[in-house]
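[1] For reference, the sequence and a predicted model appear below.
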Amino acid sequence: MIYKTYENYKEKYYEAQNEYNAILNEKEELFIMTQPKSADYSKERVNGGTKNNVFDEYLVQKELKNIDQRLEEAKSILYDRKRLFEQKEEELKHSSDINDRIYKYKYLDKLKIERIAILIPCGEATVYRALKRMK
């Protein structure tokens with residue numbers, strides 16, 4: 001039953017996407033720091049108005065958090081997960097196992113139960129029972 005492995009690979013692929021997205025969001029938040037902002041006139045200047053170099057601070061934070069390295073690693077993992085996921089999907093599409101075929105027709109091809117029963121061929125009740133077992 002390939003569909004179980006396929007589901008596992010799909011879940012791992014989505015987790016890798018979320019991790020990559022989280023690191024990208026972190027990088028974006030740091031980058032937003034560097035963008036020009038309006039002056040804050042609500043506070044009094046007491047230290048002679050020394051300016052912080054926001055771009056230097058951005059680079060320091062980026063280095064401290066190893067964002068570029070983490071992003072490359074996450075990208076590599078994401079690519080590998082995608083490749084495994086696509087291989088398993090292809091394997092699932094060519095599987096002759098009845099459960100794999102029902103899964104493929106229902107979740108990949110988005111067919112209705114009646115159509116799946118004709119393609120397998122079996123009764124609709126059999127398809128419903130197989131889908132219930134899969135959940």
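    Happy to help now that I have it. Numbers count the residues shown, from 1 in each chain.

[2] in the protein, which spans are helices?
    2-33, 54-64, 67-93, 98-103, 113-119, 124-134 (DSSP state H).

[3] confidence score at the residue nearest the centre of the chain?
    Geometric centre of the chain, nearest residue: residue 17, 2.4 Å, by CA atoms, centre = their mean. If you check residue 17, the pLDDT there is 96.

[4] now the angle between helix 67-93 and the worst-scoring helix or strand of the chain on mean pLDDT, please.
    Ranked by mean pLDDT, DSSP states H and E, the weakest helix or strand in the chain is helix 54-64, scoring a mean of 76. Using axes from the mean of the first three to the mean of the last three CA atoms, to 10 degrees, the inter-axis angle of helix 54-64 relative to helix 67-93 is 50 degrees.

[5] What residues sit buried inside helix 54-64?
    Residues of helix 54-64 classed as buried by neighbour count (16 or more other CB atoms under 10 Å): residue 58. Placement of C-beta: from N, CA and C, glycine included.

[6] ok now stretch 11-23, how far from the chain's centre?
    Centroid separation for stretch 11-23 versus its chain: 4 Å, with CA atoms, centre = their mean, to the nearest Å.

[7] buried sites along it?
    Within stretch 11-23, the residues that count as buried by 16+ other CB under 10 Å are 13, 16, 20, 23.

[8] if we can go back for a sec, neighbours of the residue lying closest to the residue nearest to the centre of the chain once chain neighbours are set aside, how many?
    Excluding its sequence neighbours, the residue lying closest to residue 17 (CB to CB, 6 or more residues apart in numbering) is residue 78, at 6.3 Å. Using other CB atoms under 10 Å, residue 78 has 18 neighbouring residues.

[9] ditto for the one 3 residues further on
    Here the neighbour count serves as a burial measure; for residue 81 (other CB under 10 Å) it reads 20.

[10] Check residue 93 too.
    14.

[11] May I ask you to confirm that it is in contact with residue 104?
    Yes - counting by CB atoms under 8 Å, residue 93 does reach residue 104; the two are 5.9 Å apart.
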